[in-house]
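Trainee: Got a predicted structure here, sequence first:
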Amino acid sequence: MKPFFVFSGQGAQCVGMGKDLAENSAAAKAVFDTADAALGYSISDIIFNGPEEKLTQTIYCQPAIYTVSCAAIEAFREKYPQISPLACAGLSLGEYGALYAAGVFDFVSGLKLLAKRAELMDAACNQTNGSMASVLNGDPEVIKKVCAEHNVDVANFNSPGQIVISGEKEALAAAVDGLKAAGIRKVIVLNVAGAFHSRLMKSAGDALVPVLENSSFKLTNIPVYHNFTAAPAADEAELRKNLAAQVAGSVRWEECVRAMAALGADTMIEFGPGNVLTKLCSRTIPELATANINSFAALNTFSEQ
């Protein structure tokens, strides 16, 4: 098996995620216990018991998904220590799980950094009036042109036929109308807290810069493909730049997946709640084998191919 590892982003969360991992894997339980101690409150209680309204808040959701994703990979390593990735990547906040998996920082360092990122993004959401929409089966050039006309940004290039746009609510509504007028009929406004990966998040990205400057990173021989560049960072300075720019920049997920597959990978393994990235992969490279490690049952049914 020649896999690359990917990590879930915001929106994949659900109450109870990872609970069976904590109950059945000592390595996973240790991650949840460490997270609770590091944050000073029980993130595991919010993850396992909700309420859903609290779990979906950005300040809790981002560290929660990171914790579950890291617990999943530690349970995987406990059971399959012989399997290592050719590369790693994560969707938006999932990039922090990828950096952890690659050994760029330890779990607590990544958790605290992501918690600060979530706090800054939550503040930016509260200071703005943004939203997002998923555009299906549209010409990317038409989408970019309409977005530019309405001062809206392209947030995610997720897969062939799926692009997410982001911006101020009124501008986004005008852009949605513009896309429909251009013949793109399937545009779905998303129920999100703000305009992630758009210019409305610039204040959060800027405020994250000094936090990143004071954080320790160590590049390893496992490349991490960054959302902002769809490539690994050449050095620690570029890594910091990518993480700051990612907050308001476009997520080039399709390019990341294609680049990692081009390393000779035969399998993509998704860690964390849900299976969003697996579905995106099936649209991008249908012939690539996929697996999800999102529960203890999934861990037990996984087999080397």
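Mentor: The structure has been received and is ready for your questions.

Trainee: quick one, what contacts residue 57?
Mentor: 122, 193 (C-beta atoms under 8 Å, 6 or more residues apart in numbering). Bear in mind the C-beta positions are built from the backbone N, C-alpha and C, glycine included.

Trainee: what's the spacing between the residue in the chain sticking out farthest from the centre and residue 227?
Mentor: Using C-alpha atoms, centre = their mean, the residue of the chain lying farthest from its centre is residue 181. It sits 31.5 Å away. Using C-beta to C-beta, to the nearest Å, residue 181 is found at 30 Å from residue 227.

Trainee: can you pull out the strands in the stretch 151-300 of the chain?
Mentor: Assigned by DSSP state E, counting those that start in this stretch, the stretch 151-300 of the chain shows strands spanning 153-159, 162-168, 187-190, 267-271, 289-293.

Trainee: Let me have these in a markdown table, extended by mean pLDDT and mean neighbour count.
Mentor: Below are the strands of the stretch 151-300 of the chain laid out as a markdown table (pLDDT from 0 to 100; neighbours: other C-beta atoms under 10 Å):
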| stretch | mean pLDDT | mean neighbour count |
| --- | --- | --- |
| strand 153-159 | 98 | 23 |
| strand 162-168 | 98 | 25 |
| strand 187-190 | 94 | 15 |
| strand 267-271 | 98 | 26 |
| strand 289-293 | 96 | 20 |
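
Trainee: pLDDT weak spots in the stretch 151-300 of the chain?
Mentor: Across the stretch 151-300 of the chain, nothing is flagged by pLDDT under 70.

Trainee: Tell me where it has helices.
Mentor: With helices called from DSSP state H, counting those that start in this stretch, the stretch 151-300 of the chain shows them at 169-181, 202-213, 236-246, 253-261, 276-284, 296-301.

Trainee: Let me see the contact set for residue 26.
Mentor: Residue 26 makes contacts with residue 78, as judged by C-beta under 8 Å, 6+ apart.

Trainee: shift numbering so it begins at 3
Mentor: That works, and once the first residue is 3, the last one we named lands at residue 28.

Trainee: okay, it: pLDDT?
Mentor: Looking at residue 28, its pLDDT stands at 98.

Trainee: List phi and psi for it.
Mentor: phi -60, psi -40 (degrees, to the nearest 10).

Trainee: Neighbours of the residue lying closest to residue 266 once chain neighbours are set aside, how many?
Mentor: Nearest in space to residue 266, with sequence neighbours left out and distances taken as C-beta to C-beta, 6 or more residues apart in numbering, is residue 4 at 5.8 Å. For residue 4, the neighbour count with other C-beta atoms under 10 Å is 14.
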